[in-house]
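Chemist: Take a look and give me a structure for this.
(2 chains)
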Amino acid sequence: MKTDVLTAPHSIEYTYTRSTGPMIGAFMTGLRDGKIIGVRGADGRVHVPAIDYDPVTSEDLSELVEVADTGVVTTWSWNDQPRSGQPLEHPFAWALVRWDGADTAMLVAVDCGDASTISTGAKVKARWADERTGTIHDLCCCELQS
Amino acid sequence: MSNRVAVVGVGQTKYAAKRQDVSIAGLLREAATRALDDAGMTWADIDAVVIGKAPDMFEGVMMPELYLADALGAVGKPMLRVHTAGSVGGSTGVMATHLVSSGAHKRVLVVCFEKQSESNATWALSIRLPFTGGSVTGAGGFFAPVIRAYMRRANAPDDIGIKVAVKDRLNALNNPYAHLKLPDISEEMVRESPMLWDPIRYLETCPSSDGACAIVLADEDSAKGTPNPPAWIHGTAVRSEPTMGAGRDVVNPHAGRDCAKDVYAQAGITDPRRDIDCAEIYVPFSWYEPMWMENLGFAAEGEGWKMVDDGSTSFTGDMPINPSGGVLSSNPIGASGMCRFAEAALQVRGMAGDHQVDGARTALGHAYGGGAQFFAMWIVGSEPR
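Modeler: Purely as a prediction, here's the structure:
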């Protein structure tokens, strides 16, 4: 039995607004200034990006800490076929990078040419955008440091 | 109910068009910390957290509860999210009550919110899906014909909605958390405001608000040590029905009548107008006050508008409705039902400040949602039952 399937296009879109609050806001503002901003938690650990509330005690956090824009790869995965909208158009590594001075790692693209060049423990440095606007795109990616 | 449950803490944010100084998490946090302070508790005292909010598309954050555990002290504890459209603030309070009345938990934090400034609710409610009809008019467009049906059926004078709009805005002047403050409000001002969805004028509809409302629920033992008077929960009820259906009475929904009957039976209320001292009910469009007066049994069918006309529902009337200013003065959608429940609790705790109804000992909190198809109610009292 032949069945006709009804199909129709359905697209919805809206420009949402986000209020970041005092801690995430400080992190975003820091990016615009070429700085990486974390926050000290109740147990002394420095969380990057800065977070509003302590993950252990739930208390408000307020002690902002600037960390270095150099750090170490804690784990990584190779992206051989980048898709549109990703940080780089050529193959790169997605890596968790723990910035020097931080106790947590965040996800960053590493522009290192070939998968054979990167390893856990590798040292990296941030590559900043020329024109920064206070978004995560200000931090383009990382490069390997020799 | 099995074990006794009390509201021992209430916290609200100031309701406003835009709270751009805080994130979504920060907004909830503000209400939650105020509720904990009222209860004399800290995050560590809470056994479980229940979150309520309206559709995710209102902020564009899918399942926001997934990232709110840190902000609400819920790490390592049970956290649940309730969703029943506009009634969610009420049904979240009911579900949380069950967690305590069942004996599952002793102290539960309940937080409801909406941050309407991050999107546009009328847009989100007007999306037309393929192969379906769509009115593309938001909630006002949906309810306007229902209100017209009520006016015709009850033979109500045209100005009843205007009177509700003035009354609630006057009440809001006594509520420090209310969003709309219109000291010059008058029947003429409402009448002259633009007609949005006939017969609903601009000033007969609710604002779009950012805000959160939180309560702390406690079992009898935990309530003993709290610094402020508790509100004891005498009954809770939730009812639902479909949006559309042959024979459905959308003006006076069956689910609403059943929900009221159930909650009154639990609370020992036989004559609501006599036995209840004040009520906070969900009135996003002015005409819903007389309509709900009938649905809730405060007035006979076709007679609800007379309670507005003769001033019975005003702050100084015999049946004060929405002494806080109600949804017409503040509408953080997902929190609006919880505001009704919380304000009812504040009244019987004697903590409603300048909008305290003298001698209020029994109060009704009410919420509705969807196409007037989801209902949630509770009765709270000054004394345990």
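Chemist: number of nearby residues for the closest residue to A:Thr117 other than its chain neighbours?
Modeler: Residue nearest to A:Thr117 in three dimensions, not counting chain neighbours: A:Leu144, with 6.3 Å by CB to CB, 6 or more residues apart in numbering or on different chains. For every residue, glycine as well, the C-beta is placed using N, CA and C. For A:Leu144, the neighbour count with other CB atoms under 10 Å in any protein chain shown is 17.
Chemist: Chain A contacts on chain B?
Modeler: Applying CB under 8 Å from any CB of the partner chain, we find that chain B lies next to chain A at B:19-26, B:29, B:43, B:59-60, B:70-73, B:75, B:115, B:117-120, B:123-124, B:127, B:129-131.
Chemist: picking that back up, A:Asp130 versus the residue nearest to A:Thr117, what's the distance?
Modeler: 21 Å (CB to CB, to the nearest Å).
Chemist: before we move on, back to that, dump the residue contacts of the residue nearest to A:Thr117.
Modeler: In this structure, A:Leu144 makes contact with A:Val110, A:Cys112, A:Thr117, A:Ile118, A:Ala122, A:Lys123, A:Val124, judged by CB atoms under 8 Å, 6 or more residues apart in numbering or on different chains.
Chemist: buried subset of the residues you listed?
Modeler: A:Val110, A:Cys112, A:Ile118, A:Ala122, A:Val124 (16 or more other CB atoms under 10 Å in any protein chain shown).
Chemist: List the residues that contact the first one.
Modeler: Neighbour list for A:Val110: A:73, A:76, A:92-95, A:97, A:118, A:122, A:124, A:141-144 [criterion: CB under 8 Å, 6+ apart].
Chemist: do the same with the fourth one
Modeler: Contacts of A:Ala122 were listed using CB under 8 Å, 6+ apart, and they are A:Val72, A:Val73, A:Val110, A:Leu144.
Chemist: redo that, cut-off 10 Å
Modeler: Taking CB atoms under 10 Å, 6 or more residues apart in numbering or on different chains, we find A:Ala122 in contact with A:71-74, A:76, A:93, A:95, A:97, A:110, A:112, A:142, A:144-145.
Chemist: Narrow these to those in strands?
Modeler: Secondary structure from DSSP state E places A:Gly71, A:Val72, A:Val73, A:Thr74, A:Trp76, A:Ala93, A:Ala95, A:Val97, A:Val110, A:Cys142, A:Leu144 of the contacts of A:Ala122 in strands.
Chemist: Which parts of chain B are strands?
Modeler: In chain B, the strands defined using DSSP E lie at B:5-12, B:48-52, B:79-82, B:107-115, B:195-197, B:200-201, B:210-219, B:231-240, B:278-280, B:362-369, B:374-381.
Chemist: JSON lines please, covering the ones you listed and showing mean neighbour count and mean pLDDT.
Modeler: Shown next, in JSON lines, are the strands of chain B (neighbours: other CB atoms under 10 Å in any protein chain shown; pLDDT from 0 to 100):
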{"stretch": "strand B:5-12", "mean neighbour count": "28", "mean pLDDT": "98"}
{"stretch": "strand B:48-52", "mean neighbour count": "27", "mean pLDDT": "98"}
{"stretch": "strand B:79-82", "mean neighbour count": "19", "mean pLDDT": "96"}
{"stretch": "strand B:107-115", "mean neighbour count": "30", "mean pLDDT": "97"}
{"stretch": "strand B:195-197", "mean neighbour count": "17", "mean pLDDT": "95"}
{"stretch": "strand B:200-201", "mean neighbour count": "22", "mean pLDDT": "97"}
{"stretch": "strand B:210-219", "mean neighbour count": "29", "mean pLDDT": "98"}
{"stretch": "strand B:231-240", "mean neighbour count": "24", "mean pLDDT": "98"}
{"stretch": "strand B:278-280", "mean neighbour count": "28", "mean pLDDT": "98"}
{"stretch": "strand B:362-369", "mean neighbour count": "29", "mean pLDDT": "98"}
{"stretch": "strand B:374-381", "mean neighbour count": "30", "mean pLDDT": "98"}
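Chemist: how about the helices in the stretch 201-350 of chain B?
Modeler: Taking DSSP state H, counting those that start in this stretch, the helices of the stretch 201-350 of chain B run over residues B:220-224, B:254-267, B:272-275, B:288-295, B:304-309, B:326-329, B:333-349.
Chemist: Now find how far off-centre stretch B:22-36 is within its chain.
Modeler: Relative to the centre of its chain, stretch B:22-36 is centred 18 Å away, using CA atoms, centre = their mean, to the nearest Å.
Chemist: Quick one, which of the contacts of A:Ala122 are buried?
Modeler: Buried subset of those (neighbour count, 16+ other CB under 10 Å): A:Gly71, A:Val72, A:Val73, A:Trp76, A:Ala93, A:Ala95, A:Val97, A:Val110, A:Cys112, A:Cys142, A:Leu144.
Chemist: Can you get me a residue count around A:Leu44?
Modeler: One correction, residue A:44 is Gly, not Leu. 7.
Chemist: Name the nearest residue to the residue lying farthest from the centre of chain B, sequence neighbours excluded.
Modeler: What lies farthest from the middle of chain B is B:Phe131; by CA atoms, centre = their mean that is 33.7 Å. Spatially, and ignoring its direct neighbours in sequence, B:Phe131 is nearest to A:Leu6 (6.2 Å; CB to CB, 6+ apart).
Chemist: before we move on, what about B:Phe298?
Modeler: Closest to B:Phe298 by CB to CB, 6+ apart is B:Arg273, at 5.0 Å.
Chemist: ok, that neighbour to B:Ala300 distance?
Modeler: According to CB to CB, B:Arg273 and B:Ala300 sit 11 Å apart.
Chemist: Find residues that contact each of the two.
Modeler: Contact with both B:Arg273 and B:Ala300 is made by residues B:Met293, according to CB under 10 Å, 6+ apart.
Chemist: Comparing those two, which residue is more hemmed in?
Modeler: Using other CB under 10 Å as the criterion, B:Arg273 and B:Ala300 rank with B:Arg273 on top: 16 against 10.
Chemist: Show the contacting residues for the more buried one.
Modeler: By CB under 10 Å, 6+ apart, the residues touching B:Arg273 are B:Ala279, B:Met293, B:Leu296, B:Gly297, B:Phe298, B:Ala299, B:Met307, B:Ser312, B:Asp318, B:Met319.
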